[in-house]
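**Student:** Give me a model of this one.
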Amino acid sequence: MRLRTRMSTTAAVGALLLLTGCGAADMTKQASPFANAQGARTVTLSVQSWVGAQANVAVAQYLLEHKLGYRVDTVQVDEVPAWDALSQGRVDALLEDWGHPEQEQRYVRDKKTIVNGGELGVTGHIGWYVPTYFAKQHPDVTDWKNLDKYASQLRTAESGGKGQLMDGSPSYVTNDKALVNNLDLNYQVVFAGSEAAQITQIKQFAKEKKPFLTYWYAPQWLFKKVPMTEVKLPAYKEGCDADPAKVACAYPHTPLQKYLNADFAESGGKAARFLKDFNWTTEDQNEVSLLIADQKLSPEEAAKKWVDGHESTWRTWLS
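**Tutor:** Numbers count the residues shown, from 1 in each chain. Next up is the predicted model:
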């Protein structure tokens with residue numbers, strides 16, 4: 001994600017694991033042999049590890065297969081390597097990008113091997129959060145300037161005597177270590193390992209009504225289960241995160257984008273048009289994410305349930 005710059009600003013499941021993240025995959029072994037094939041009725045979609053991205057792919061796959069007659073292959077690949085795979089035609093489409101200006105410059109503007117597929121319809125935002133029950137007890141904790149006051153309460157065995165700022169996967173591109181350093185905070189970034197592991201830890205803290213400080217992002221279904229309140233960091237201004245080592249500002253609000261392989265965008269027929277037209281709301285995505293992550297439906301089952309109840313939405317994507 002600069003995941004979620006989750007990304008440059010930050011925020012991937014595998015095969016529909018629940019985790020979030022961004023790591024390095026060997027696309028030469030995972031890519032579908034049908035990706036970008038002329039005239040093929042097969043589409044290959046990149047799947048990142050966070051459940052929101054899985055929800056996009058689940059619904060797109062269901063509609064491509066059941067309404068348009070395509071076979072859909074999915075490949076789990078981390079967010080930055082996905083750009084190279086997309087450029088080379090090893091995948092046809094990436095449905096949720098949180099902002100990677102370097103890759104956009106290289107592949108969209110310079111090489112012209114990738115094209116923007118339009119907005120997903122969802123705005124992403126990464127931030128630091130505390131549980132709302134703790135924020136109600138200590139309202140001033142929601143200002144970063146007061147975080148050190150609570151460092152001792154947020155300390156864990158893993159944070160080395162400092163307060164803990166919990167992140168998800170080490171493969172995510174985040175600004176958190178730089179923020180802790182540049183804001184001179186008495187905190188240690190501790191990685192849970194994945195989105196799934198982070199969710200498990202957050203739920204455990206909440207069950208015990210313990211305070212915690214975590215890197216998190218919206219949209220995300222977990223807010224419905226564990227209400228969290230954002231800690232206000234120094235205001236984001238355009239360019240304030242240009243130098244990763246000097247970042248001392250909040251993460252931006254990012255309209256999430258879709259990207260298509262340029263050849264596929266031109267010759268992919270109804271599938272390419274459908275993916276360009278695919279556009280839904282945060283509420284739609286969270287509905288499917290909750291079915292997958294919390295109610296444990298398979299991605300296909302979750303997609304079918306959403307599709308059955310939202311024909312007026314998806315019908316406009318078909319041409």
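
**Student:** before we move on, which element is the closest residue to L297 other than its chain neighbours in?
**Tutor:** Of all residues not flanking L297 in the chain, L291 sits nearest, at 4.6 Å (CB to CB, 6 or more residues apart in numbering). Placement of C-beta: from N, CA and C, glycine included. According to DSSP states H and E, L291 maps onto helix 282-293.

**Student:** Which parts of that helix count as buried, going by neighbours?
**Tutor:** Buried residues in helix 282-293, counted by 16 or more other CB atoms under 10 Å: T282, D284, Q285, N286, E287, V288, S289, L290, L291, I292, A293.

**Student:** Equivalent analysis for stretch 180-193, please.
**Tutor:** V180, L183, L185, N186, Y187, Q188, V189, V190, F191, A192, G193.

**Student:** same check, this time on stretch 121-133
**Tutor:** Quick answer for stretch 121-133 (16+ other CB under 10 Å): G121, V122, G124, H125, I126, G127, W128, Y129, V130, P131.

**Student:** wait, the last one sits on A206?
**Tutor:** Yes: proximity of P131 to A206 meets the contact threshold set by CB atoms under 8 Å, at 6.0 Å.

**Student:** what do those two both touch?
**Tutor:** Residues touching both P131 and A206 (CB atoms under 8 Å, 6 or more residues apart in numbering): V226.

**Student:** could you point out which element follows the helix holding L291?
**Tutor:** Following helix 282-293 in sequence, per DSSP H and E, is helix 299-309.

**Student:** In contact with V247, which residues?
**Tutor:** Contacts for V247 (CB under 8 Å, 6+ apart) come out as N175, A178, L179, N182, C240, D241.

**Student:** Please flag which of the residues you listed sit within helices.
**Tutor:** A178, L179, N182 (DSSP state H).

**Student:** Tell me the pLDDT of the residue nearest to the first one when sequence neighbours are not counted.
**Tutor:** The spatial neighbour of A178 that comes closest, neighbours along the chain excluded (CB to CB, 6+ apart), is V247 at 4.5 Å. The confidence metric pLDDT takes the value 97 at V247.
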